[in-house]
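Colleague: Below are the sequence and a predicted model for it; my questions follow.
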Amino acid sequence: MSIRLLHTADWQIGKQFSWIEGDAGALIRTQRLESVKRIAELARGREVDAVLVAGDVFEMNTVSDETLRRTMDALSGYPGPWLLLPGNHDAALQESAWTRLSRIGLPGNVRLLLDFEPVILKDRKLAVLPAPLTRRHEARDLTEGFTAMESPEGAVRVGLAHGSVENRLPDSAELHNPISDRRADESGLEYLALGDWHGTLEIANRTWYAGTHETDGFRDNDSGNVLLVEIDGPGATPRVEKVQTTHYQWSHKSHEVHGSDDIKLLEADLAALGQPFERHVLRLDLRGALDLAGHGELQALLDTWRARLRYLRASDSGVLVSPSEEDLDRMGASGFVSRAIERLRDMAKDPDPGKSAQAGAALQRLYVEYMTLTGRG
């Protein structure tokens, strides 16, 4: 009889996304809990024997009691065992989200793995060996204890831990709470379910990071998934299936803009994100140089896509904007304004980059103010 598990991690319920303004931030926060409900539906539909949550269920130990209750309600769609492991964001401190949950009351099928004791399930055919974090950062490898943990004869041994596998994560990873890259072999595990790295990542055929269930950043690391794991018995190689659960698609694009043609290419690239556009969170970095007409065209395009996407984080500080000769001639200015324009035009040709930039900025401001005051801006 095979063992079927759903491996997930890094829900970080209560994450604020405070840098995302307005309603978009609230919707993205709420979606982390909605995606947990989808996990429950998936677990029920695929008839798994247990759901393993490999740490960082909560963003912090100080999440509200309401958030704790809502999280427990989100699990109701799957009646089987939920095994919740403390991670570095929600470490099992003396007073924590876990102690408060215990006081509030847990559903009968939810187990908090606060101790280094195996959990025996499925008529003693499955042993889950937990390594809960009892503080944010540990210098030693807590999974060393798996080797000595006893399990019933003939049981499938599955480790559950939260931390950084040594020598296997990308250079950009924050390396805390070390885990040996040989842990599965050294401790006789059929599978090692890990959390902390927010993307789905196979370390070895018995060791996987599930990644966060709902994408939460612009890093291209294959996030927003859970893993369905099937193990035929002791010594068997697990079969692992990745299933996408994220609602929002996060992406990062860079573009050079030097005129109307480039702006049209940018618009086509944004359209290629695909419908529904409101499920996209986009970081857009722009560089280049535009005249004022082109800059206006660019801003209109960005305003349109801010309304279409769930959130657009556009940076155009790398776009140099200056009035073209046509822009200045179109002003039709006379008198002292005309003389000021000519003076600034001459200064903009100064070989000193600082002086020419100042003159260009002054010309741009003069253009905007004059066109606004004359009713043409």
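Modeller: That came through, no problem. Note that this is a predicted model, so its numbers are computed, not measured. Numbers count the residues shown, from 1 in each chain.
Colleague: make it CA atoms for all contacts and neighbour counts henceforth
Modeller: Noted.
Colleague: For whichever helix or strand Leu363 is part of, C-alpha coordinates in CSV please.
Modeller: Using DSSP states H and E, Leu363 sits within helix 353-373. C-alpha atoms of helix 353-373 as CSV (Å, rounded to 0.1, in the frame of the first residue of the first chain):
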residue,chain,number,x,y,z
PRO,A,353,27.4,66.9,-17.7
GLY,A,354,26.2,68.4,-14.4
LYS,A,355,25.4,71.8,-16.0
SER,A,356,23.8,70.4,-19.1
ALA,A,357,21.6,68.1,-16.9
GLN,A,358,20.5,71.1,-14.8
ALA,A,359,19.7,73.1,-17.9
GLY,A,360,17.7,70.2,-19.4
ALA,A,361,15.7,69.8,-16.1
ALA,A,362,15.0,73.5,-16.1
LEU,A,363,13.8,73.4,-19.7
GLN,A,364,11.5,70.5,-18.9
ARG,A,365,10.0,72.3,-16.0
LEU,A,366,9.6,75.5,-18.0
TYR,A,367,7.9,73.6,-20.7
VAL,A,368,5.5,71.9,-18.4
GLU,A,369,4.7,75.1,-16.4
TYR,A,370,4.2,77.2,-19.6
MET,A,371,2.0,74.7,-21.3
THR,A,372,-0.1,74.3,-18.2
LEU,A,373,-0.5,78.0,-17.6
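Colleague: Does anything pack onto that helix? Which helices or strands?
Modeller: When contacts are defined as 3 or more C-alpha pairs under 8 Å, 6 or more residues apart in numbering; DSSP states H and E, helix 353-373 packs onto helix 325-331, helix 335-348.
Colleague: mind redoing it with 6 Å?
Modeller: The contact analysis (3 or more C-alpha pairs under 6 Å, 6 or more residues apart in numbering; DSSP states H and E) places helix 353-373 against helix 335-348.
Colleague: The helix it packs on: which residues count as buried?
Modeller: Residues of helix 335-348 classed as buried: Ala340, Ile341, Leu344, Arg345, Met347, Ala348 (neighbour count, 16 or more other C-alpha atoms under 10 Å).
Colleague: Near the nearest residue to Ser324 once chain neighbours are set aside, how many residues? Count them for me, please.
Modeller: Take Ser324 and drop its neighbours on the chain: the residue closest to it by C-alpha to C-alpha, 6 or more residues apart in numbering is Asp291, 5.4 Å away. Close neighbours of Asp291, defined as other C-alpha atoms under 10 Å, add up to 19.
Colleague: Also Trp19?
Modeller: Trp19: 8 neighbours (other C-alpha under 10 Å).
Colleague: Repeat that for the one 5 residues further on.
Modeller: One way to gauge burial is a neighbour count; for Ala24, by other C-alpha under 10 Å, it gives 17.
Colleague: Next, the buried residues of the helix or strand hosting it.
Modeller: Counting by DSSP H and E, the element that carries Ala24 is helix 22-45. Of all the residues in helix 22-45, those buried under the rule 16+ other C-alpha under 10 Å are 24-25, 28-29, 31-44.
Colleague: Looking at it now, give me its mean pLDDT.
Modeller: Averaging pLDDT along helix 22-45 yields 96.
Colleague: With stretch 353-362 instead?
Modeller: The model assigns stretch 353-362 a mean pLDDT of 76.
Colleague: Please apply the same query to stretch 88-101.
Modeller: For stretch 88-101, mean pLDDT is 96.
Colleague: what do you get for stretch 197-214?
Modeller: On average, the pLDDT along stretch 197-214 is 96.
Colleague: For that stretch, what is the distance to the chain centroid?
Modeller: On the basis of C-alpha atoms, centre = their mean, to the nearest Å, stretch 197-214 is displaced by 14 Å from the centre of the chain it belongs to.
Colleague: Start and end of it, how far apart?
Modeller: Start-to-end span of stretch 197-214 (C-alpha to C-alpha, to the nearest Å) is 13 Å.
Colleague: hmm, who's touching that stretch?
Modeller: Contact with stretch 197-214 is made by 8-11, 32, 191-195, 221-227, 245-246, as judged by C-alpha atoms under 6 Å, 6 or more residues apart in numbering.
Colleague: From the buried residues of helix 335-348, pick the one nearest Val156.
Modeller: Ala348 (74.5 Å; C-alpha to C-alpha).
Colleague: check contacts around the closest one.
Modeller: Contacts of Ala348 (C-alpha under 6 Å, 6+ apart): Ser356, Ala359, Gly360.
Colleague: and Cys309, how far is that from Asp220?
Modeller: Check again: residue 309 is Leu, not Cys. Applying C-alpha to C-alpha to Leu309 and Asp220 gives a distance of 19 Å.
Colleague: These two: who's more crowded?
Modeller: Remark: of Leu309 and Asp220, Leu309 carries more neighbours, 19 against 10, as counted by other C-alpha under 10 Å.
Colleague: can you tell me which residues contact that one?
Modeller: Here Leu309 is in contact with Phe277, Glu278, His280 (C-alpha under 6 Å, 6+ apart).
Colleague: Let's see that with 8 Å instead.
Modeller: Taking C-alpha atoms under 8 Å, 6 or more residues apart in numbering, we find Leu309 in contact with Phe277, Glu278, Arg279, His280, Val281, Leu282.
Colleague: Just the residues you listed: which are in strands?
Modeller: Counting by DSSP state E, those place His280, Val281, Leu282 in strands.
Colleague: Looking at the residues you listed, which one is closest to Thr62?
Modeller: For those, the minimum distance to Thr62 (C-alpha to C-alpha) is 27.1 Å, reached by Val281.
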